[in-house]
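Sequence plus predicted model, see below.
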Amino acid sequence: MPHAPGDVTGQPSAHHQPRHPIPEEATRLLTTPGLVVIHGGPGCGRSTLLRHLATTFHGPVFHGSALATLRSVPAFALTHALRIRLPEHDPPLLAEAVQSRVRGGLLLLDDIQWADPATLATLVPLARHCRVAVTLRTPHRLPQPVENALRTAAAGWLAVPALDPAAAADLARATAPDLPPATITDVVTRAGGLPLAVQALARHATATATAHPTPVDPAGGHDLTQVEYAVATALADLTRPARTALAALGLLGHPAPAGLLGNGVPELTHSGLVTTDPTGTVGPVSPYVAEVAAGLLDEPSRRALHRRLADLVPPAEAARHLAAAGDGPAAYRRALAAADTPDISGGKRADLLLFACQLPDVTPQPQVRLAAAQAALDNGRPHAAARLLAADHTWDPASTMLHAEALLHLGDPTAARTTVTAVPDDAAADLVAARDRIRLLAELADDPAAAAATAARITARHGPTPTHTGLRAALAAVAARTHTPGWEDALASAAADAAAAGQLLTSRWSAWLLVETLAADGRLTEAAQAARSAGQACGLDLAYSWQTRFLAAELWCTALRGGRTGIGTADDTLRRAVDLTDRTVPPLAHGYAVATASLIEADGGLLAPARARLAGVVDAPLPAAGVIDWVDREAAWLDGQPERAAAGVGPSTGSPLIDGLRQITARWAAYDGAPVDTDRDDRYPATPPVGQTLTAWHTLDADRFTQAADAWHDLAVREQVRCLLAAGLHQSDPARAVPPLLAAERLAEESGLVVLLGRTRRALRRHAVRRDGRGPRSGGALTSRERDVLHLVAAGEPSRRIAGQLGISAETVETHIRAGMRKLGARTRTEAAALVLVGETPPENRVPGQRQVVQP
């Protein structure tokens, strides 16, 4: 007759709790009468563990709780557990009455930090005759003699361990299945192993797309408010030095030396709220709890603590503390001092200078504003640079050139050209060279054909090898666009010279142009290598914006090229691309990452998530917009919707490879019945495989398709498979059609191209080559093919998509679905799919004509 109440709202669900050693240890200790104390911080799962004890105990269980509002009521917790009136004013008689009621059962008391003195005094004598398990929240305000008496009488004093990261991640995924991996990692890190905090932060992240709510913020949601209230209540039991030390950790956001935190560290350690490593560095067990402690400070106390911390931390960190304390001028001076540190990285220097220029009640000096704009441009942040320079209304040659450079990188070449019109021809040589660089690059963006003539005039003025590094890089960019022989060496040399001269913007821009041009020409391996090298260099300088841009380009080249090393490489590329899409990255990097992830998912048969991801992209910049447009069309064709693959005219990318792939996809859409203009287009001779493939489609010659497949061999495996598939489809002689189809099947299977593999096997089936083994008649049981089809129905896939993945026709899919519904006695395809997932009734137990019922 268990008397334990039901689950308490707000506690971690026992169904999702990972296995703890505490219940087993407590059960072992309670095989004989005794007292077990389970203690831990707020939200650690003490109550859940106590309920677990109640469900596993073989015998009567009496479960009660102490309440803070009724702590003055004598023996309330015992009365709550036993459900009877007790002689609360006579301690010996009270203990005897409880003992006679519990006998061989189990007494569970939750939150004894709120228990009244009568209940606490009864626990020690009661433990000699009964099994008693209690939970104690730390920190608490139990008198020291009472705690000592409980420790002496207890058979076990068990601390609830924090969840390890893997278990916390599982709990976060169970609470919010749609959270991306990066957000789950953020939730786990901030929760610090507290189950209740993991669940609350995961729900908050689902609702608001962020795992960083403001502590003690009513807008944080009901779950967070409840957690914050529980944490704040527990922290109120700490002494002032301990609360201040924990709040300091919350304001710092990272571990700190014990000497910096004062004399409250021992109490925090005793309460299990912080840990200390061998070097003496103290860190919070849960960063979220430390943030709540900081949020509990009133405004004057918080400002005072920020100001105190500013005197104890490095200058870069001190500047932000001073700003939080409301001292803008002091924060400005400290940020500039930190930015002048010799060994500071470029990314951190840009952050500090931009921070200094954006402080309220501070007017930055012109040279500081200029340095901040230059650092922002060097690190791929043209928006920040443009905002800074637009606020400076005084004409200055250096700021004018930087402003034009920022406008150029923002994709506004007309405004950039207008900005430099005030620079005369008789200005200083460096200034004229910088002006001509802006004009040339603006011309290259607006009218590439006219840029060559402009480059010739500039060369006549400055010589074939200008001394100005930026102008030399701009001339190399024109050579790359016109494919002048040696353009690769010119761009690589310009990037290296600019890096040696300390002109990081020119160096990184030249490296990016090299990657883009190589990829546009179909030299994917070289482009990926160049992107990897440049990205690593940017990573060392913490130039996050440029680093993510190069990383996204590398992933795109890797995904498009494919490989024969199995799906492991594709899975790793997909994981990295999805991780990139979950982060705040520049639009260009985000566009390439989305295209990468969507292409791999679509080729692997995950067409619904691929198309949903593509649909979420709005206003991607060129050339990523053209890449996304082609991937979107390709996914539609793979999804059995050729009319969508051929709809409209996509944006021109200036990439021979991508524009050529778009034409190839249009030819496949036309083959599948979509109305497409298939006139031959030879605009892109720079990529021979594209030209050979389009020629094969123009002539419909199977031998030409085979030759085109050979041309794609070292460029893109998926296109090689498509050419081999086309060769088999356009060959009337079965003896000559089967070999290319078999080669396409092998490559598609090795590379994880699920949809193309299905199409290839469908083509092979026309020539009586089958890959699905057919067993004996199944009678009333489902065949393996019917089971495969119904599993895909359960995954929400439509018939056309199932047909593409399994290499069968949509009519055959419907036949398998109807057969499965008949065998399972289901009225709808959804019911049949559900029955397959939970397991069907064995045929020998089935009544003919009776509908099968899914058992919960």
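Received the coordinates, thanks.

low-confidence ranges in the protein?
Applying pLDDT under 70 to the chain flags residues 1-20, 208-225, 392-395, 563-568, 649-653, 677-686, 770-780, 839-856.

Show me the residue sitting in the middle of it in space.
For the chain, Ala182 is the residue whose C-alpha lies nearest the centre (C-alpha atoms, centre = their mean; 3.1 Å).

That residue and Thr122: what is the separation?
Counting by C-beta to C-beta, to the nearest Å, the separation of Ala182 from Thr122 is 51 Å. (Glycine included, C-beta is placed from N, CA and C.)

Quick check: closest non-adjacent residue to Ala593.
Excluding its sequence neighbours, the residue lying closest to Ala593 (C-beta to C-beta, 6 or more residues apart in numbering) is Leu580, at 4.0 Å.

And the residue lying closest to Leu741 once chain neighbours are set aside, how close does it get to Asp701?
In space, and not counting its chain neighbours, Leu741 is closest to Gly728: 3.7 Å by C-beta to C-beta, 6+ apart. Per C-beta to C-beta, Gly728 is found 13 Å from Asp701.

ok, the two, which is more surrounded?
Gly728 (27 against 16; other C-beta atoms under 10 Å).

Name the surrounding residues that touch the host helix or strand of that one.
Taking DSSP states H and E as the criterion, Gly728 maps to helix 717-729. Residues from elsewhere that reach helix 717-729 (C-beta atoms under 8 Å, 6 or more residues apart in numbering): 560-564, 603, 661, 664, 668, 671, 689, 693, 696-697, 702-703, 705-706, 708-709, 712-713, 737-738, 740-741, 743-744, 747-748, 751, 753, 756, 759-760, 763-764.

Tell me which of these fall in helices.
560-561, 603, 661, 664, 668, 671, 689, 693, 696-697, 702-703, 705-706, 708-709, 737-738, 740-741, 743-744, 747-748, 751, 756, 759-760, 763-764 (DSSP state H).

ok so, going back, quick check: buried residues in whichever strand or helix holds the residue nearest to the centre of the chain?
Here Ala182 sits within helix 181-191, counting by DSSP H and E. With burial defined by 16 or more other C-beta atoms under 10 Å, the residues of helix 181-191 counted as buried are 183-188, 190-191.

can you give me how far that helix is from the chain middle?
Relative to the centre of its chain, helix 181-191 is centred 9 Å away, using C-alpha atoms, centre = their mean, to the nearest Å.

Please type out the PyMOL selection for whichever of the ones in helices among the contacts of helix 717-729 turn out to be buried.
The buried subset of the ones in helices among the contacts of helix 717-729, as determined by 16+ other C-beta under 10 Å, is captured in PyMOL by this line:
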select buried, resi 560+561+603+661+664+668+671+689+693+696+697+702+705+706+708+709+737+738+740+741+743+744+747+748+751+756+759+760+763+764
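
From Asp497, how far off is Val594?
For Val594, the distance to Asp497 - C-beta to C-beta - is 34 Å.

if you count what's nearby, which of the two comes out ahead?
Remark: of Val594 and Asp497, Val594 carries more neighbours, 27 against 16, as counted by other C-beta under 10 Å.

pretty sure the more buried one is touching Ile628, no?
Yes: applying C-beta atoms under 8 Å, one finds Val594 in contact with Ile628, separated by 6.4 Å.

any common contacting residues for those two?
614, 617, 620.

which of the residues you listed tops the neighbour count?
Leu614 (23 neighbours).

what's downstream of the helix or strand hosting that residue, the next helix or strand?
Taking DSSP H and E as the criterion, Leu614 maps to helix 607-615. Helices and strands here follow DSSP H and E; after helix 607-615, the next one along the chain is helix 624-638.

quick one: that next one to chain centroid distance?
23 Å.

cool, and stretch 24-37?
43 Å.

Check stretch 89-102 too.
Counting by C-alpha atoms, centre = their mean, stretch 89-102 comes out at 57 Å from the chain centroid.

Can I get it in PDB, CA atoms only?
Written as PDB, here are the backbone C-alpha positions of stretch 89-102 (Å, rounded to 0.1, in the frame of the first residue of the first chain):
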ATOM      1  CA  HIS A  89       4.200  17.800  21.600                       C
ATOM      2  CA  ASP A  90       5.700  14.600  23.200                       C
ATOM      3  CA  PRO A  91       8.900  13.700  21.300                       C
ATOM      4  CA  PRO A  92       9.300  10.100  22.800                       C
ATOM      5  CA  LEU A  93       5.700   9.400  22.200                       C
ATOM      6  CA  LEU A  94       5.900  10.900  18.700                       C
ATOM      7  CA  ALA A  95       8.800   8.500  17.800                       C
ATOM      8  CA  GLU A  96       6.900   5.500  19.100                       C
ATOM      9  CA  ALA A  97       3.800   6.400  17.200                       C
ATOM     10  CA  VAL A  98       5.700   6.800  13.900                       C
ATOM     11  CA  GLN A  99       7.600   3.500  14.600                       C
ATOM     12  CA  SER A 100       4.300   1.600  15.200                       C
ATOM     13  CA  ARG A 101       2.900   3.000  11.900                       C
ATOM     14  CA  VAL A 102       5.900   2.400   9.700                       C
END
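
for the helix holding Leu614, the distance to its chain's centre please.
Worked out by C-alpha atoms, centre = their mean, helix 607-615 lies 17 Å from the chain centre.

Then stretch 167-181?
12 Å.

Quick one: end-to-end length of it, please.
End-to-end distance for stretch 167-181, by C-alpha to C-alpha, to the nearest Å: 14 Å.

how about the strands of the stretch 501-650 of the chain, start to end?
Remark: no strands are assigned in the stretch 501-650 of the chain by DSSP state E, counting those that start in this stretch.

The chain now?
Along the chain, counting by DSSP state E, strands occupy 34-40, 61-65, 106-110, 131-137, 154-159, 256-257, 274-276, 281-284.

Could you list every helix and strand that the last one packs against?
In this case it means strand 281-284. helix 240-252, strand 256-257, helix 258-261, helix 265-270, strand 274-276 (3 or more C-beta pairs under 8 Å, 6 or more residues apart in numbering; DSSP states H and E).

who touches the helix holding Leu614?
The contact list for helix 607-615 (C-beta under 8 Å, 6+ apart) reads 581, 594, 597-599, 601-602, 628, 631-632, 635-636, 638-639, 755, 796-797, 801, 804.

Filter these down to the buried ones, PyMOL style.
Buried residues among the contacts of helix 607-615 (16+ other C-beta under 10 Å), as a PyMOL selection:
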select buried, resi 581+594+597+598+599+601+602+628+631+632+635+636+638+639+755+797+801+804
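
Burial check on the residue nearest to Ala593, number of neighbours?
21.

My read is that it contacts Leu588, right?
No: taking C-beta under 8 Å as the definition, Leu580 is not a contact partner of Leu588, at 11.7 Å.

Quickly list what's touching both of the two.
Ala552.

Thr353 - nearest residue in space that isn't next to it in sequence?
Wrong residue type there; residue 353 is Leu, not Thr. Ala372 (3.6 Å).

so what's that neighbour up against?
Counting by C-beta under 8 Å, 6+ apart, Ala372 touches 350, 353-354, 356-357, 364, 385, 388.

Turn those residues into CSV, including distance to Val132 and neighbour count.
Listed next are the contacts of Ala372 as CSV, based on distance: C-beta to C-beta, whole Å; neighbours: other C-beta atoms under 10 Å:
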residue, distance to Val132, neighbour count
Ala350, 61, 30
Leu353, 63, 27
Leu354, 61, 22
Ala356, 61, 27
Cys357, 64, 23
Pro364, 67, 20
Ala385, 68, 30
Leu388, 67, 25
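
Just name the closest of those residues to Ala570, please.
Comparing these against Ala570 with C-beta to C-beta picks out Ala350 as the nearest, at 35.4 Å.

and the gap between the closest residue to the closest one other than its chain neighbours and Pro360?
Of all residues not flanking Ala350 in the chain, Ala375 sits nearest, at 3.7 Å (C-beta to C-beta, 6+ apart). Distance, Ala375 to Pro360, by C-beta to C-beta: 21 Å.

out of the two, which sits in the busier spot?
With neighbours defined as other C-beta under 10 Å, Ala375 and Pro360 compare such that Ala375 has more, 24 against 8.
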